[in-house]
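Peer 1: Output the structure for:
(one chain, ligands or ions: 2)
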Amino acid sequence: MGAPQPAKTAPLASRKSGQPNTVVSIGDVRFGGRKVVLIGGPCAVEDNNQMTRTAAHVAAAGGSMLRGGAWKPRTSPYDFQGLGAAGLEILAEARKASGLPVVTEVLDPRDVELVAEAADMLQIGSRNIQNFPLLREAGASGKPVLLKRGMMTTVTEWLSSAEYVLASGGSDLVFCERGIRTFEPTLRNTLDIGSVVFLKEITHLPVIVDPTHAAGDARYVTALALAAVAAGADGLLVETHFAPDQAFSDGAQSLSPEQFAALAESCRAVARALDRDL
Ligand code: PEP
Ligand code: MN
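Peer 2: Numbers count the residues shown, from 1 in each chain. Ligands and ions are numbered 1, 2, ... in the order given. Down below sits the predicted model:
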């Protein structure tokens, strides 16, 4: 099977001959520059105390952005669905207290305006990778978009989804590889490091990795993060909670503050070995 040829299907996302990397800037945070951007935070926004404490330990470890889902795409409708708009207010408080810009997932095209007012970057989650109305709304919002790979999308399909965002007026887009479903059930997903290498070549846009949803278990997150930085990822998105065993969602894969700090330190060493930083 030959490599995909996205120049025709995804012209805006594709790198033209000689085109330099696009840097996506959010305040002082620069995706696609020399520094590997570390984003940390819980799976879900739970309350003020949780987010303020988390923001502090993320910043102390050298993290430069805060995450947390106000709306959660849960497999079961009976699981915690997130605090919704109230979660956005909590994120805004934590952002004010820490100075860290915030990325949060938007699930519904009708919420894009609201989320764009509160957040610095809109996350499109794995489950919405082909929700074309949502991609268009996010692209038109004027906010940078963090586009997670669908758990069952090929790189070519992922690029086409990015093209929806870019063709709707968005120019600041960051790809996020978070693992795909394969025949292999040992870890939650199979982290496709090759997709990072390929995208860095074929597109001019930044590519980051979420080792947490790929691993599904905190024990494996740091090793996957190291592999991602070694492969040239422009950033990491890592779930962390001050008390993972109390997390409302994804506690098993969330790092404690100490584990998060250790991940940052070891990934920094790899980044420096590659003449980058973190
Ligand atoms: C998340 O980031 O919390 C999330 C739900 O991720 P994904 O869409 O990759 O499953
Ligand atoms: Mn999660």
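
Peer 1: What are the contacting residues of stretch 69-79?
Peer 2: By C-beta atoms under 8 Å, 6 or more residues apart in numbering, the surrounding residues in contact with stretch 69-79 are 43-45, 80-88, 90-91, 104-108, 111, 115, 125, 127-128, 249. Yep, even glycine has a C-beta here, placed from its N, CA and C like the rest.

Peer 1: Following element in sequence after the helix or strand hosting Ala223, please.
Peer 2: When elements are assigned from DSSP states H and E, Ala223 belongs to helix 218-230. Using DSSP H and E, the next helix or strand after helix 218-230 towards the C-terminus is strand 235-239.

Peer 1: Run me through the strand neighbours of that following strand, direction for each.
Peer 2: strand 37-41 (parallel), strand 207-209 (parallel) (DSSP bridges).

Peer 1: do you know which of those strands lies nearest ligand 2?
Peer 2: Checking these against ligand 2 by C-beta to the ion gives strand 37-41 as the closest, at 9.9 Å.

Peer 1: any idea of the mean pLDDT for the closest one?
Peer 2: Taken as a whole, strand 37-41 carries a mean pLDDT of 98.

Peer 1: same deal with stretch 67-83?
Peer 2: Mean predicted confidence for stretch 67-83 is 96.

Peer 1: tally of neighbours for the residue in the stretch 1-150 of the chain that ligand 2 sits nearest to?
Peer 2: Closest residue of the stretch 1-150 of the chain to ligand 2, C-beta to the ion: Cys43 (3.3 Å). Other residues within reach of Cys43, judged by other C-beta atoms under 10 Å, total 24.

Peer 1: For it, which non-adjacent residue is closest in space?
Peer 2: Spatial nearest neighbour of Cys43, chain neighbours left out: Asp250 (3.7 Å); criterion: C-beta to C-beta, 6 or more residues apart in numbering.

Peer 1: Do I have it right that the one you found meets Asp217?
Peer 2: No: counting by C-beta atoms under 8 Å, Asp250 stays clear of Asp217, with 10.5 Å between them.

Peer 1: Show me which of the two is the more surrounded one.
Peer 2: A direct count of neighbours by other C-beta under 10 Å for Asp250 and Asp217 places Asp250 higher, at 20 against 12.

Peer 1: show me the contacts for that one.
Peer 2: Per C-beta under 8 Å, 6+ apart, neighbours of Asp250: 43-44, 212-213, 239.

Peer 1: about what we covered before: could the strands paired with strand 235-239 go into a markdown table alongside distance to ligand 2 and mean neighbour count?
Peer 2: As requested, these are exported to a markdown table (distance: least, C-beta to the ion, whole Å; neighbours: other C-beta atoms under 10 Å):
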| stretch | distance to ligand 2 | mean neighbour count |
| --- | --- | --- |
| strand 37-41 | 10 | 28 |
| strand 207-209 | 14 | 27 |
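
Peer 1: which one of the contacts of Asp250 has the most neighbours?
Peer 2: Neighbour max across the contacts of Asp250 (other C-beta under 10 Å) = Glu239, 30 neighbours.

Peer 1: For Val37, name its beta-bridge partners.
Peer 2: Note on Val37: beta-bridge partners by DSSP bridges are Gly235.

Peer 1: Tell me which stretches of this protein form strands.
Peer 2: Using DSSP state E, the strands of the chain run over residues 24-26, 29-31, 37-41, 65-67, 102-105, 121-124, 145-148, 173-177, 207-209, 235-239.

Peer 1: Any chance of JSON lines for those strands, columns distance to Arg95?
Peer 2: Shown next, in JSON lines, are the strands of the chain (distance: least, C-beta to C-beta, whole Å):
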{"stretch": "strand 24-26", "distance to Arg95": "11"}
{"stretch": "strand 29-31", "distance to Arg95": "12"}
{"stretch": "strand 37-41", "distance to Arg95": "11"}
{"stretch": "strand 65-67", "distance to Arg95": "7"}
{"stretch": "strand 102-105", "distance to Arg95": "5"}
{"stretch": "strand 121-124", "distance to Arg95": "11"}
{"stretch": "strand 145-148", "distance to Arg95": "16"}
{"stretch": "strand 173-177", "distance to Arg95": "18"}
{"stretch": "strand 207-209", "distance to Arg95": "19"}
{"stretch": "strand 235-239", "distance to Arg95": "16"}
